[in-house]
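Student: build me a model:
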Amino acid sequence: LLSAFSLGFSQKKWSLQECVDYAVKNNLQVISNQYNADIQAKNLEISKRDKLPSVSGSFNNNMSFGTTQGFQGSIGRNDNFNNSASVGANMQLYNNGRLKKSAEKSQYDLEASLLDAERVKNDISLQIAQQYLQVLLNKEVKKISDEAVANAEKVLSRAKITTEVGTTPKTVEAEATAGLAREKQRQKSAEIDIQRSLFSLAMLLQLKDYQNFDVQEVPLPSSLEAPLNSTENIVEKAFENQPQVKAAETRILSAQKQTEIAKTAFYPSVSASAGIGTNYFDSLSRSNDGFFKQYGDNFGQQLGVSANIPIFNKGITKLQVEQAKISESIAKNTLEQQKVEVQQNVQRAYFDANANYENYLAALEAEKSTKLALEFAEKSYEAGRATIYDLNNARNNYINAQGSVSQAKYNFIFSTKLLNFYAGIPLSL
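Tutor: Numbering: from 1, shown residues only. Model (predicted):
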């Protein structure tokens, strides 16, 4: 049963969505960012609990031994035992909204941290999508190589027959053998490229069992459509949905709250306190009232309200407010930087999409022309009007053109998927 389970796992082929879901759940960088978000969540909880009163209790015991001189000059023992117990509470009544503003800032910090984690997930998702497409491209190149090997085997088989009957010299068979060897070398290189790209994808996923890793082959459209004519709408949508932009906007709000928090130091703060307590004293050298009687007689309560009024603190509060305003400016500048980065990424993806589409069209024309040239070369070779060198040259040109079409197609698909991603459309194939 265990062997069957292991075999079933080794035969599993991952879809793009499975790869993305696994990565965002298990990637160490994502987990690290999630820990940062958890810390911010705890900071928020601490800020909210600062509004609650704090209560503490104490219980003290002291004993002293020795002699002392009395009023009349006599020396006597002064051994005694002291015990006290108390419970006290403190609560902030007024500080110009500092506690509330601190909680609001912590909320913004938490949101920004979650958005940072979301950005890491997006970056990893894009890397996985690109590498996934690279695997599919390499598999398509391998299919082209398989067809080339099959054709080369047919050419060699025919060359052997014609050489045996004496219609062609042995050089034809030798060249056909060499041609087959070259195609098998290309085939082996294509197999290695597949394994290399699968290994790279497995490393992105941080899989331990990468040797049995494979992906699903996704049927892609045979014909491609030209990209959109403008990036303005995509840029606006990217500003709305990209987490790095939203995180920068949230950090501006956090910086503004920090400025408000700094300003609260200009205002008085009022706090209240309350407590109860009692004590017991035993002279040890003479009789005393009982423990519980003294506790009852000495039981007392206290209530208090205190105000802390700032008068002069060397201008530190004013400097702290100015520092907070500088932090606001930094946060606003960071937002502009993020917007510029997102805009450039969209424009780059748009440029790549157009360039790859034009390259794809050119590659299709080249494939069409080289295919026609190969057909003529095959007919000419069969009729004896072309050499095997001409045939192999035409076949190499056609294989290279097929590879160029596949490369341009996958590059264009990734560029369009990237544009869709910035427009808020989830990654898919």
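Student: strands along the stretch 1-150 of the chain, start to end?
Tutor: Along the stretch 1-150 of the chain, the segments classed as strands by DSSP state E, counting those that start in this stretch run 54-64, 67-69, 75-77, 80-94.
Student: give me whichever of those strands is most buried.
Tutor: Of those, the one with the most neighbours on average (mean count of other CB atoms under 10 Å) is strand 80-94, at a mean of 15. Every C-beta, even on glycine, is put in place using the N, C-alpha and C of the backbone.
Student: are we agreed that residue 403 is in a helix?
Tutor: Yes. Note on residue 403: a helix contains this position according to DSSP: H, G, I helix; E, B strand; the rest coil.
Student: buried residues, stretch 209-220. List them.
Tutor: For stretch 209-220, the neighbour count (16 or more other CB atoms under 10 Å) marks 213, 214, 215, 216 as buried.
Student: separation between residue 407 and residue 150?
Tutor: For residue 407, the distance to residue 150 equals 22 Å [CB to CB, to the nearest Å].
Student: more neighbours, these two?
Tutor: Regarding residue 407 and residue 150, a neighbour count based on other CB atoms under 10 Å identifies residue 407 as having more, with 17 against 10.
Student: list the contacts of the more buried one.
Tutor: Taking CB atoms under 8 Å, 6 or more residues apart in numbering, we find residue 407 in contact with 137, 363.
Student: helix, strand or coil for it?
Tutor: When states are read from three-state DSSP, the local structure at residue 407 comes out as helix.
Student: from residue 400, how far out is it?
Tutor: 10 Å.
Student: and for residue 379?
Tutor: Going from residue 379 to residue 400 by CB to CB gives 21 Å.
Student: what do you get for residue 32?
Tutor: According to CB to CB, residue 32 and residue 400 sit 45 Å apart.
Student: which one of those two has more residues nearby?
Tutor: residue 400 (15 against 11).
Student: which SSE is the more buried one in?
Tutor: Applying DSSP states H and E as the criterion places residue 400 in helix 388-422.
Student: just the buried positions in that helix, please.
Tutor: Neighbour counts using 16+ other CB under 10 Å place 388, 390-392, 394-399, 401-419, 421-422 of helix 388-422 among the buried residues.
Student: residues touching the residue lying closest to residue 295 once chain neighbours are set aside, list them.
Tutor: If the residues on either side of it in the chain are set aside, residue 295 comes closest to residue 278, at 4.9 Å by CB to CB, 6 or more residues apart in numbering. In this structure, residue 278 makes contact with 84, 85, 86, 294, 295, 296, 298, 299, 300, judged by CB under 8 Å, 6+ apart.
Student: let's see stretch 363-380 as CSV, backbone CA atoms only.
Tutor: C-alpha atoms of stretch 363-380 as CSV (Å, rounded to 0.1, in the frame of the first residue of the first chain):
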residue,chain,number,x,y,z
ALA,A,363,8.7,33.8,-36.7
LEU,A,364,5.4,32.5,-38.3
GLU,A,365,6.4,33.8,-41.7
ALA,A,366,9.9,32.3,-41.3
GLU,A,367,8.4,29.0,-40.3
LYS,A,368,6.1,29.1,-43.3
SER,A,369,8.9,29.9,-45.7
THR,A,370,11.3,27.3,-44.3
LYS,A,371,8.6,24.6,-44.3
LEU,A,372,8.0,25.3,-48.0
ALA,A,373,11.7,25.3,-48.7
LEU,A,374,12.0,21.9,-46.9
GLU,A,375,9.2,20.4,-48.9
PHE,A,376,11.0,21.5,-52.1
ALA,A,377,14.3,20.2,-50.8
GLU,A,378,12.7,16.8,-50.0
LYS,A,379,11.2,16.5,-53.5
SER,A,380,14.4,17.6,-55.1
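Student: give me the contacts around that stretch.
Tutor: 386, 390-391, 393-395, 397-398, 400-402, 404-405, 407-408.
Student: same question, stretch 124-140
Tutor: The contact list for stretch 124-140 (CB under 8 Å, 6+ apart) reads 16, 19-20, 23-24, 27, 29-30, 190, 193-194, 197-198, 200-201, 204-205, 215, 217-218, 220, 406-407, 410, 413-414, 417-418, 421, 427, 429.
Student: now with 6 Å, please.
Tutor: The contact list for stretch 124-140, computed with CB atoms under 6 Å, 6 or more residues apart in numbering, reads 16, 19-20, 23, 27, 193-194, 197-198, 200-201, 204, 215, 406, 410, 414, 427.
Student: show me which of these are buried.
Tutor: Burial by neighbour count, judged by 16+ other CB under 10 Å, picks out 16, 19-20, 23, 27, 193-194, 197-198, 201, 204, 215, 406, 410, 414, 427 from these.
Student: all helices for the protein, in order.
Tutor: Using DSSP state H, the helices assigned to the chain run over residues 2-10, 16-26, 28-49, 98-165, 170-205, 232-241, 243-263, 291-298, 316-383, 388-422.
Student: could you pull up the mean pLDDT of the shortest one?
Tutor: It stands for helix 291-298. Within the predicted structure, the mean pLDDT of helix 291-298 is 87.
Student: with the first one instead?
Tutor: Helix 2-10 carries an average pLDDT of 45.
Student: for the chain, which residue is closest to the average position?
Tutor: Centroid-nearest residue in the chain: residue 120, 1.8 Å away (criterion: CA atoms, centre = their mean).
Student: was I right about that one contacting residue 31?
Tutor: No. If you go by CB atoms under 6 Å, residue 120 and residue 31 don't touch, sitting 9.7 Å apart.
Student: name the residues contacting each of the two.
Tutor: Between them, residue 120 and residue 31 share no contacting residue, judged by CB under 6 Å, 6+ apart.
Student: pLDDT-wise, which helix or strand of this protein ranks last?
Tutor: Lowest by mean pLDDT, DSSP states H and E among the helices and strands of the chain is helix 2-10, with a mean of 45.
Student: how far away is residue 103 from residue 334?
Tutor: In this structure, residue 103 and residue 334 are separated by 23 Å, where distance is defined by CB to CB.
Student: what does stretch 148-166 contact?
Tutor: Under CB under 6 Å, 6+ apart, the answer for stretch 148-166 is 168, 170, 172, 173, 176, 179, 180, 183, 184, 187, 399.
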